[in-house]
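# Pasting a predicted model and its sequence here:
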Amino acid sequence: MKVDSRTSLMLVAALASVAVSAQARAQHDHAQHSTQAEAEKISLIPPVEPAADAPALMDHASMDHAAMGHAATGHDVATSPTSITPIAPVSDADRAAAFPVLDHHAMEHAPAIHRYLQFNRMEAWDADEGTGQAWEAIGWWGSDLNRLWLRSEGERVDGRTEASDLEVMYGRSLSPWWDMLVGVKQDFRPEDSQTWAAFGVQGLAPYKFEVSATAYLGESGQSAATIEVEYELLLTQRMILQPMLELKLYGQDDPLRRIGSGLSRIEAGLRLRYEINRHVAPYVGVVQERILGRTADYHAAHGEDNSDTRVVAGIRFWF
């Protein structure tokens, strides 16, 4: 069968028209289906009941916009105003709570004068040579920069005081960790009492070593020096191990007091204390004392040993 060109063009145009009509109908059916699905979803949402105390919605349709001075726009917009709680006026009670009456005495700063007293060692021992007791105390009174310092130490053996002294000195803070001390020292034992002029430093050295170094000038040109170093090793929050080393030196011989020139005495101690609280701490320890040089010769002449080791028990407290 032969089809001329004109007939072919007519057939192509007819098929295109049918395809366009089918596509338009499909798009229309899809849009109608989507609209119906959205309507079904909206119908499933339960209506929200307004609260009992909620303000009624404004009916813009029933409002006279001309009387309100608004120009008609041809359409109404329904709005829901937000409920705002009004701010109550400030009362006298509110002002009193915000600005209480200030007590002048409560505003005073801490007193500028402080005080402190510590018995670093208050101990006893029982050895072959006899029983003994020893003490070391330090205290101060004053401000952060200027203080009056008191230091004392001594020792008793078999009820007899072998050594005892008291130092009264003015202290000036050189830095947050160091104080300079100037004052006097009074030896009550051994033998007759003796007065010294004293000056030195004390404080916390690097690595937390507590250091005290004091030089003394006494009667008849006698001179002496004492160096003491302590360290506190925290084993626990309450258990503390404290090693200590003390050196005593003299500038010249003093046969009456059995003291020789040079390094005369070394005392090393190791004490373990338990802090019941920050103010009270019992301890046990061991102390080794050794006498050297000319001082050892004087003690040997009186039948005394040049070294002594003892186990001690005591208490450390401050207030």
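Looks like it came in fine. Here the structure is a predicted model, which is why all the values come from computation and not from measurement. Residues are numbered from 1 along each chain as shown.
# Give me the below-cutoff pLDDT ranges for this protein.
Scanning the chain for pLDDT under 70 picks out 1-83, 102-111.
# for it, what spans make up the strands?
114-127, 130-142, 146-157, 160-175, 178-189, 194-205, 209-217, 223-230, 233-234, 239-250, 262-274, 280-291, 307-318 (DSSP state E).
# Can you lay out those strands as TSV showing mean neighbour count and distance to I84?
For every residue, glycine as well, the C-beta is placed using N, CA and C. What follows is those, written out as TSV (neighbours: other CB atoms under 10 Å; distance: least, CB to CB, whole Å):
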stretch	mean neighbour count	distance to I84
strand 114-127	16	58
strand 130-142	17	63
strand 146-157	17	64
strand 160-175	15	62
strand 178-189	17	66
strand 194-205	16	63
strand 209-217	17	68
strand 223-230	17	71
strand 233-234	10	61
strand 239-250	17	65
strand 262-274	17	66
strand 280-291	17	64
strand 307-318	16	63
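# Columns distance to A96 on top of those strands, output as CSV?
What follows is these, written out as CSV (distance: least, CB to CB, whole Å):
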stretch, distance to A96
strand 114-127, 37
strand 130-142, 42
strand 146-157, 44
strand 160-175, 45
strand 178-189, 49
strand 194-205, 49
strand 209-217, 53
strand 223-230, 55
strand 233-234, 50
strand 239-250, 51
strand 262-274, 52
strand 280-291, 46
strand 307-318, 45
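# what's next to stretch 170-189, contact-wise?
140, 142, 144-149, 154, 161-169, 193-204, 214, 216 (CB atoms under 8 Å, 6 or more residues apart in numbering).
# List the contacts of the closest residue to G132 other than its chain neighbours.
Excluding the flanking residues, the one nearest G132 by CB to CB, 6 or more residues apart in numbering is V157, at 4.5 Å. By CB under 8 Å, 6+ apart, the contact set of V157 is E129, G130, T131, G132.
# so how far is L247 from Y298?
18 Å (CB to CB, to the nearest Å).
# what do you get for Y283?
With CB to CB as the criterion, Y283 and L247 are 22 Å apart.
# just G142 next, same as before
29 Å.
# Now do the phi/psi pair for the spatially most central residue of the chain.
Relative to the mean C-alpha position of the chain, the nearest C-alpha, by CA atoms, centre = their mean, is the one of Q237, at 14.6 Å. When read as degrees, to the nearest 10, the backbone of Q237 gives phi -70, psi -20.
# where's it relative to F319, distance?
21 Å.
# for A300, same thing?
43 Å.
# Between those two, which has more neighbouring residues?
Between A300 and F319, A300 has the larger neighbour count (other CB atoms under 10 Å), namely 13 against 10.
# Show the contacting residues for that one.
So A300 contacts N306 (CB under 8 Å, 6+ apart).
# same question, the one 5 residues further on
Contacts for D305 were tallied using CB under 8 Å, 6+ apart; they are E129, H299.
# let's have the chain start at 42 instead
Renumbered: residue one is now 42, and that last one reads D346.
# Please report how far R156 lies from L274.
From R156 to L274 the distance is 29 Å (CB to CB).
# swap in S261?
Separation of S261 from L274 (CB to CB): 43 Å.
# Next: I356.
According to CB to CB, I356 stands 19 Å off from L274.
# just H340 next, same as before
H340 is 33 Å from L274, by CB to CB.
# Repeat that for T126.
Applying CB to CB, the value for T126 to L274 is 64 Å.
# V325 now?
Separation of V325 from L274 (CB to CB) stands at 15 Å.
# swap in E287?
Counting by CB to CB - E287 and L274 are separated by 18 Å.
# Who does T267 form a beta bridge with?
Following DSSP bridges, T267 is listed with bridge partners T255, K289.
# just checking, it touches L288?
Yes - using CB atoms under 8 Å, T267 makes contact with L288 at a distance of 7.2 Å.
# show me what contacts the closest residue to R335 other than its chain neighbours?
Nearest non-adjacent residue to R335, counting by CB to CB, 6+ apart: G301, 2.2 Å away. Residues in contact with G301 (CB under 8 Å, 6+ apart) are Y291, D294, D295, G334, R335, T336, A337, D338, Y339.
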